[in-house]
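Student: take this sequence and fold it.
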Amino acid sequence: MGISEETVVAVIMVGGPTKGTRFRPLSLNIPKPLFPLAGQPMVHHPISACKRIPNLAHIYLIGFYEEREFALYVSSISNELQVPVRYLKEDKPHGSAGGLNNFRDLIMEDNPSHIFLLNCDVCCSFPLPEMLGAHIKYGGLGTILVIKVSPDLASQFGELVADPETNELLHYTEKPETFVSDRINCGVYVFTPDIFTAIQGISFQRKGRENLRRMSSFEALQSATRTLPTDFVRLDQDILSPLAGKKQFYTYETLDFWEQIKTPGMSLKCSGLYLAQYRFTSPQLLASGDGTKSATIIGDAYIHPSAKVHPTAKIGPNVSISANARIGAGVRLISCIILDDVEIMENAVVTNAIVGWKSSIGRWSRVQAEGDYNAKLGITILGEAVDVEDEVVVTKSIVLPNKTLNQSVQEEIIL
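Tutor: Purely as a prediction, here's the structure:
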């Protein structure tokens with residue numbers, strides 16, 4: 001019994017096809033959580049971080065994608081990590097907390113003492129064992145990972161105020177119109193199972209209000225558009241905000257990197273952050289070479305074992321090359337993600353770009369951008385099976401799948 005009391009489970013929210021629209025055209029081919037960053041699917045990074053949690057019994061992925069889209073990955077990652085990983089499909093939106101509660105019985109099957117909740121589109125070092133240690137020391141319902149950001153960025157996220165000595169969460173507000181704090185919610189949590197009682201309490205409150213409104217059918221019709229479903233519970237507005245300052249939630253501040261992966265531009269930035277982290281966590285994944293027998297590598301780069309890279313190519317920094325890619329003589333790659341089955345021919349240059357599956361870039365061509373990861377055309381994106389012919393320059397553009405470019409383009413979206 002003692003061992004089961006220490007068991008921990010992890011839940012990773014992966015969203016769904018309607019949530020990844022800002023990630024197009026890349027999400028047209030693959031669920032966003034499976035898009036590779038630093039050579040590994042996006043969701044692989046939080047999953048592998050969970051492996052470091054002591055007494056981890058199970059990892060659940062919750063989302064709206066069809067189960068078949070995750071079946072192969074879930075099977076392979078379970079075998080690789082020797083931890084059961086299971087995908088759970090939501091039947092309808094339940095909110096960030098409601099989604100957790102919807103699968104309460106499954107999550108509680110292992111009788112966990114603690115439950116981690118992570119968002120798939122968060123890029124950070126995931127200091128999960130440290131969070132768990134801090135939470136056990138604090139007590140309460142849960143502990144939230146937080147980070148300090150510049151005041152001008154804070155309003156894009158959930159801002160919070162914590163006691164500087166006890167780290168108790170005192171105040172929480174989601175995307176406020178006026179500045180509250182430079183500490184924000186990172187979207188990574190550890191809870192005790194009592195979190196389910198809090199979530200169900202919100203549902204019961206809503207049901208109670210619904211019953212009161214049934215006194216008047218007209219009022220019920222009027223309010224139907226204003227009220228949320230009883231089982232739709234948001235973690236931030238419905239749980240964190242009302243329970244702040246009640247010794248229920250605490251904060252753990254990371255001094256490491258943190259980003260949200262909402263767009264292809266941010267995925268390129270985050271790929272670089274994960275490559276840099278490999279130096280400490282997985283140095284065997286980083287490529288090396290000095291141009292004698294293999295390509296010259298500058299900074300951090302990942303090259304899939306099946307990729308063929310000419311020894312005269314120069315790769316890096318922040319380059320990820322996927323399976324069966326072919327990189328020709330004299331090619332220069334800087335800050336880019338090269339996806340499966342791409343061919344880049346002699347003396348081509350790719351910088352600040354994502355090159356889609358089965359695309360080709362001709363001799364002496366350039367695919368480039370300035371590398372402003374937050375701008376709409378800050379990086380160049382080639383969708384699947386885009387052919388850039390010889391001596392063509394593609395600058396700050398987005399090209400949808402199955403296009404052939406035989407002349408140079410700049411700052412264009414090619415549909």
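
Student: show me what contacts the most centrally placed residue in the chain?
Tutor: Nearest to the mean C-alpha position of the chain, counting by Cα atoms, centre = their mean, stands Asp121 at 2.0 Å. Contacts were defined as Cβ atoms under 8 Å, 6 or more residues apart in numbering; by that measure Asp121 touches 15, 32-33, 42, 260-262. The C-beta positions use only the backbone N, C-alpha and C, and glycine is treated the same way.

Student: low pLDDT regions in the stretch 1-150 of the chain?
Tutor: Residues of the stretch 1-150 of the chain meeting the criterion pLDDT under 70: 1-5, 18-21.

Student: one more pass at 50, please.
Tutor: Scanning the stretch 1-150 of the chain for pLDDT under 50 picks out 1-4.

Student: and the strands in it?
Tutor: 8-15, 36-37, 40-41, 56-63, 85-89, 114-119, 122-124, 142-148 (DSSP state E, counting those that start in this stretch).

Student: now the ones you listed as JSON lines including mean neighbour count?
Tutor: Below are those laid out as JSON lines (neighbours: other Cβ atoms under 10 Å):
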{"stretch": "strand 8-15", "mean neighbour count": "23"}
{"stretch": "strand 36-37", "mean neighbour count": "23"}
{"stretch": "strand 40-41", "mean neighbour count": "20"}
{"stretch": "strand 56-63", "mean neighbour count": "22"}
{"stretch": "strand 85-89", "mean neighbour count": "18"}
{"stretch": "strand 114-119", "mean neighbour count": "24"}
{"stretch": "strand 122-124", "mean neighbour count": "23"}
{"stretch": "strand 142-148", "mean neighbour count": "24"}
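
Student: nearest to Leu405, of those?
Tutor: strand 36-37 (23.9 Å; Cβ to Cβ).

Student: now for the closest one, which elements pack on it?
Tutor: The helices and strands touching strand 36-37, judged by 3 or more Cβ pairs under 8 Å, 6 or more residues apart in numbering; DSSP states H and E, are helix 264-281.

Student: from the chain's centroid, how far away is the helix it packs on?
Tutor: 12 Å (Cα atoms, centre = their mean, to the nearest Å).

Student: contacts for it?
Tutor: Here helix 264-281 makes contact (Cβ under 8 Å, 6+ apart) with 23, 26, 35-38, 40, 42, 45, 123, 125, 257, 259-261, 285-286, 300-302, 317-318, 320, 335-337, 352, 354, 372-375, 378-379, 381.

Student: how does it look with 6 Å?
Tutor: The contact list for helix 264-281 (Cβ atoms under 6 Å, 6 or more residues apart in numbering) reads 26, 37-38, 45, 123, 257, 259, 261, 285-286, 300, 318, 320, 337, 354, 373, 378-379, 381.

Student: walk me through which strands the helix or strand just after that helix pairs with, and which way each runs.
Tutor: Note on helix 264-281: by DSSP states H and E, the next helix or strand toward the C-terminus is strand 296-297. Using DSSP bridges, strand 296-297 pairs in its sheet with strand 314-315 (parallel).

Student: good, we can wrap up now.
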